[in-house]
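1. Sharing a model that was predicted from the sequence below.
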Amino acid sequence: MTDSFFGIDKSWIDAGLDIDIIRNVMMQILEKRKSVEILPKQEDVLNAIKLCPLDIVKVLIIGQDPYPSSEHAHGLAFSSLSDKTPASLKNIFKKLEQDFHCEHKTNTLINWEKQGVLLLNTALTFEGKETKLLREHTKLWSPIIENIFSILKKRGNLIVMRWGSHAQKAGEIFDESNGINGITILDTTHPSPLSAHRGFMSSEHFKKCNEILGKNAIDWST
């Protein structure tokens, strides 16, 4: 593996991940860092596809933006470096405790990634809470996210968890493949305190996921 791949597993490159587009966006982000704070750290931006080789991906969970704090953000959707559990993650853990009596000793979800749960935000960087800035970063990363989704769709054998309207719209590419080529879509509301009670807490996504995976089920503890 050369540095030109940013530490991304070669299985992604071999499947058609456009490293030139990634290189271009990473350079733009590096330039932005000269004048504003960008989250997460540059070395953590691509963690979702660095920690989870394409060869082992079983589940895709679509997030939106990195946490707006350096104590939390580290390149994985919903995962946090802090001892303080973010509100949405708190509801995720609550649901897992209901379903599996899971233990959660850390808010960092690297254990999930290493088992093939791709925790991918649609914007891999965060600059500020203004709607304009959020849109800019989402647009900047959209060709890469679409590239990743296309690779996953073509490969098949994937459970896609889309929590909330943003994830459902961002992951529309999988709609026509639902039930085909081993792809299963699981939709519900976002796990945030504002919407978790309207679907997420009764969705049983994690149970359904493990039923589908059978002997390859995910250990959802952390």
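-> Yep, that arrived.

2. and R162, which of the three is it?
-> strand (DSSP: H, G, I helix; E, B strand; the rest coil).

3. tell me the contacts of it?
-> Shown in contact with R162 (Cβ atoms under 8 Å, 6 or more residues apart in numbering): 62, 168, 170-171, 185-188. C-beta: built from backbone N, CA, C; applies to glycine.

4. Tell me the one among those residues nearest to F149.
-> Distances from F149 to these, taken as Cβ to Cβ, are shortest for G171 (6.9 Å).

5. Phi and psi next, for that closest one.
-> Main-chain dihedrals, G171, degrees, to the nearest 10: phi -100, psi 20.

6. how much space between it and A217?
-> 22 Å (Cβ to Cβ, to the nearest Å).

7. between these two, which one's more packed in?
-> Per other Cβ atoms under 10 Å, whichever of G171 and A217 has more neighbours is G171, with 22 against 16.

8. didn't the more buried one look like it was pressed against G63?
-> No. Between G171 and G63 there is no contact under Cβ atoms under 8 Å: 11.0 Å.

9. And the helix of greatest length in the chain, what does it pack against?
-> Ranked by residue count and defined by DSSP state H, the top helix of the chain is helix 131-155. When contacts are defined as 3 or more Cβ pairs under 8 Å, 6 or more residues apart in numbering; DSSP states H and E, helix 131-155 sits against helix 19-32, strand 117-121.

10. would you turn those into TSV with mean neighbour count and distance to I148?
-> Converted to TSV, the helices and strands packed on helix 131-155 look like this (neighbours: other Cβ atoms under 10 Å; distance: least, Cβ to Cβ, whole Å):
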stretch	mean neighbour count	distance to I148
helix 19-32	14	10
strand 117-121	25	7
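
11. I'd like the ones you listed laid out as a markdown table, including distance to S195.
-> Below are those laid out as a markdown table (distance: least, Cβ to Cβ, whole Å):
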| stretch | distance to S195 |
| --- | --- |
| helix 19-32 | 30 |
| strand 117-121 | 18 |
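
12. of all the ones you listed, which lies closest to N107?
-> Of all the helices and strands packed on helix 131-155, strand 117-121 comes closest under Cβ to Cβ, at 12.4 Å.

13. who's in contact with that closest one?
-> 48-49, 52, 57-66, 76-79, 109, 112-113, 145, 148, 152, 218.

14. quick one: it to helix 131-155, angle?
-> 150 degrees (axes from the mean of the first three to the mean of the last three Cα atoms, to 10 degrees).

15. Mean confidence (pLDDT) on strand 117-121, please.
-> The average pLDDT within strand 117-121 is 98.

16. That strand pairs with which strands, parallel or anti?
-> strand 59-63 (parallel) (DSSP bridges).

17. And for F6, the neighbour number?
-> Other residues within reach of F6, judged by other Cβ under 10 Å, total 17.

18. was I right about it contacting M26?
-> Yes. Counting by Cβ under 8 Å, F6 does reach M26; the two are 6.8 Å apart.

19. so what's in contact with those two at the same time?
-> Listed as contacting both F6 and M26 by Cβ under 8 Å, 6+ apart are L46.

20. Low-confidence stretches in this structure?
-> For the chain, the stretches with pLDDT under 70 are 1-4.

21. From T131, how far out is the residue of it most remote from its centre?
-> Relative to the mean C-alpha coordinate of the chain, counting by Cα atoms, centre = their mean, the farthest residue is S35 (27.2 Å). Note on S35: its distance to T131, by Cβ to Cβ, is 20 Å.
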